[in-house]
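Novice: Need coordinates for the below:
(one chain, ligands or ions: 2)
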Amino acid sequence: MAFSFFKKSGPEKKEEPQVATRGNIKYHQLKIKEVVQETADAISIFFEQPEEPITYKPGQFFTLIPTVDGKKVRRAYSVCTSPYTDPHPGVTVKRVEGGVVSNFLNNQLKAGDTLEVMEPMGNFTIVPDANKKRHIVLLGGGSGITPLMSIAKSILEKESESQVSLIYANRSEESIIFKKQLDELQEKWKSRLQVIHVLEQKPFSWECPTGLLKPALLKELLKQLPQWDTAQTEYFMCGPEGMMVNVEETLKELAIPKELVHRESFVAGKTQRVEGAADPIAAAGDDTPKSREVTVILDGEEHKFTVEPDKTILETALDLDIDLPYSCQSGLCTACRGKCISGKVKLDEDEGLSESELEEGYVLTCVGRPVTDDVVIEIG
Ligand SMILES: Cc1cc2nc3c(=O)[nH]c(=O)nc-3n(C[C@H](O)[C@H](O)[C@H](O)COP(=O)(O)OP(=O)(O)OC[C@H]3O[C@@H](n4cnc5c(N)ncnc54)[C@H](O)[C@@H]3O)c2cc1C
Ligand code: FES
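Specialist: Ligands and ions are numbered 1, 2, ... in the order given. The predicted model follows:
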């Protein structure tokens with residue numbers, strides 16, 4: 001694969017504006033302050049703050065837009081930093097076998113390079129509140145630690161009466177991202193942070209639970225955490241699909257109310273929406289594949305176009321150079337979210353949207369196909 005080089009800043013070159021706004025979304029040209037090798041197959045990328053600093057919430061994600069093979073590509077990466085403790089925002093990227101962007105970034109990126117980055121987004125977040133006293137239980141696997149790290153650091157810093165517990169599953173000791181940082185945080189916050197590592201392969205020099213994070217093991221581990229009232233405990237999970245399914249099942253068996261459970265998926269999977277949830281596909285109208293006209297209102301401007309049956313609304317808009325916002329293109333991150341104010345849209349995937357968002361008529365254009373002829377979607 002022929003990789004292109006990142007743009008370098010230099011006096012001889014015409015520099016791109018530091019920030020451009022398209023469709024109400026800010027696109028920054030961010031200089032890389034530092035690239036840290038976290039494990040053999042994961043790096044953290046720290047950005048210089050621009051003149052007007054970027055603000056973000058714990059657990060949100062940045063969309064990185066490198067140019068690979070002459071083509072701009074977008075991928076979402078969750079922040080690993082806390083806006084309250086880290087001067088430079090950062091993301092952590094783990095290689096995916098055969099993956100275009102994760103390998104490009106791991107192979108090519110270095111301090112001083114400039115990267116196009118879309119403003120932070122995402123609802124897998126928490127607003128720290130110094131007056132709150134609660135137990136935040138974080139359940140992570142592999143690269144899923146990234147947003148959990150951001151949340152942990154933020155809560156520990158800002159909520160002096162709250163407790164944070166982390167159950168973190170990995171294949172081996174060498175694959176644990178942030179092992180040293182987590183040890184240091186435990187040392188710093190002692191009674192307020194508990195970390196339990198779960199490894200598939202037993203480590204040489206220390207004891208920890210081993211095996212996959214299946215319901216029986218997870219229930220055991222949850223019992224080892226400080227016990228708080230159900231209503232004061234919130235759960236945040238992020239990891240591989242199999243782990244997320246196990247965690248969801250366990251929390252359901254333990255009768256944890258679903259509004260206290262938050263999840264972030266990095267990859268489209270087969271997780272079933274919980275029983276009783278709105279099913280946008282069943283609710284949609286005529287499913288017969290045919291061309292249909294769609295109107296998208298982007299920041300007040302109306303765009304009318306025809307969506308062919310083999311295309312999504314976003315794909316069609318991008319083909320027509322309509323600059324709709326997007327990131328993951330898999331129905332996970334909600335960067336492309338809009339409100340369907342007329343007609344019906346079928347979603348190939350609805351993982352990113354909450355039940356209430358579905359009920360309120362929100363749709364994801366990246367996985368959305370019109371099933372009536374009068375679809376109007378409002379974005380922004
Ligand atoms: C909201 C959000 C936040 C994310 N945060 C992070 C993060 O903090 N750190 C991080 O490393 N990644 C994160 N991801 C995943 C990231 O956006 C990319 O999907 C990932 O880096 C793979 O991109 P790629 O171009 O290398 O692979 P692609 O070329 O897109 O895909 C190659 C193959 O790998 C599969 N694949 C894609 N992603 C994964 C995965 N995560 N695990 C296993 N198989 C996969 C694809 O189905 C495909 O078959 C996040 C995704 C979302 C939606
Ligand atoms: S672009 Fe991520 S949900 Fe559509």
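
Novice: Please make it C-alpha for all contacts and neighbour counts, starting now.
Specialist: Noted.

Novice: Nearest residue to the residue of the stretch 51-200 of the chain found nearest ligand 2 in space, please, no chain neighbours.
Specialist: Relative to ligand 2, the nearest point of the stretch 51-200 of the chain is A76 (8.1 Å; C-alpha to the nearest ligand atom). Beyond its immediate neighbours in the sequence, the residue positioned closest to A76 (C-alpha to C-alpha, 6 or more residues apart in numbering) is T63, lying 4.3 Å away.

Novice: ok so, going back, now for the residue of the stretch 51-200 of the chain closest to ligand 2, which secondary structure element holds it?
Specialist: Element membership of A76, judged by DSSP states H and E, is strand 75-78.

Novice: Beyond that strand, next helix or strand please.
Specialist: strand 90-94.

Novice: what residues are up against the residue of the stretch 51-200 of the chain closest to ligand 2?
Specialist: Applying C-alpha atoms under 8 Å, 6 or more residues apart in numbering to A76 gives the contacts 61-64, 327-328, 333.

Novice: And stretch 354-364, what's buried?
Specialist: 354-355, 358, 361-364 (16 or more other C-alpha atoms under 10 Å).

Novice: related to what we said a few turns ago, among the contacts of A76, which lie within strands?
Specialist: Filtering the contacts of A76 for membership in strands, criterion DSSP state E, returns 61-64.

Novice: so which of the residues you listed comes closest to V35?
Specialist: L64 (14.5 Å; C-alpha to C-alpha).

Novice: Confirm for me that that closest one is in contact with Y77.
Specialist: Yes - with contact defined as C-alpha atoms under 8 Å, L64 and Y77 form a contacting pair (7.2 Å).

Novice: strand partners of the helix or strand hosting H303, parallel vs antiparallel please.
Specialist: H303 belongs to strand 301-307 when assigned by DSSP H and E. If you go by DSSP bridges, strand 301-307 pairs up with strand 292-298 (antiparallel).

Novice: Next up, phi/psi of E174, please.
Specialist: phi -70, psi -20 (degrees, to the nearest 10).

Novice: Contacts only, for it.
Specialist: Taking C-alpha under 8 Å, 6+ apart, one finds 39-40 in contact with E174.

Novice: mind redoing it with 7 Å?
Specialist: T39 (C-alpha atoms under 7 Å, 6 or more residues apart in numbering).

Novice: Distance check, it against Q201.
Specialist: Distance, E174 to Q201, using C-alpha to C-alpha, to the nearest Å: 10 Å.

Novice: what are the C-alpha coordinates of stretch 211-219, in PDB please?
Specialist: Extracted C-alpha coordinates of stretch 211-219, given in PDB (Å, rounded to 0.1, in the frame of the first residue of the first chain):
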ATOM      1  CA  GLY A 211     -10.100 -16.200  31.700                       C
ATOM      2  CA  LEU A 212     -12.700 -14.500  29.500                       C
ATOM      3  CA  LEU A 213     -14.900 -11.900  31.100                       C
ATOM      4  CA  LYS A 214     -18.000 -14.100  31.000                       C
ATOM      5  CA  PRO A 215     -21.000 -13.600  33.300                       C
ATOM      6  CA  ALA A 216     -19.900 -16.000  36.100                       C
ATOM      7  CA  LEU A 217     -16.500 -14.400  36.400                       C
ATOM      8  CA  LEU A 218     -17.900 -10.900  36.100                       C
ATOM      9  CA  LYS A 219     -20.500 -11.400  38.800                       C
END
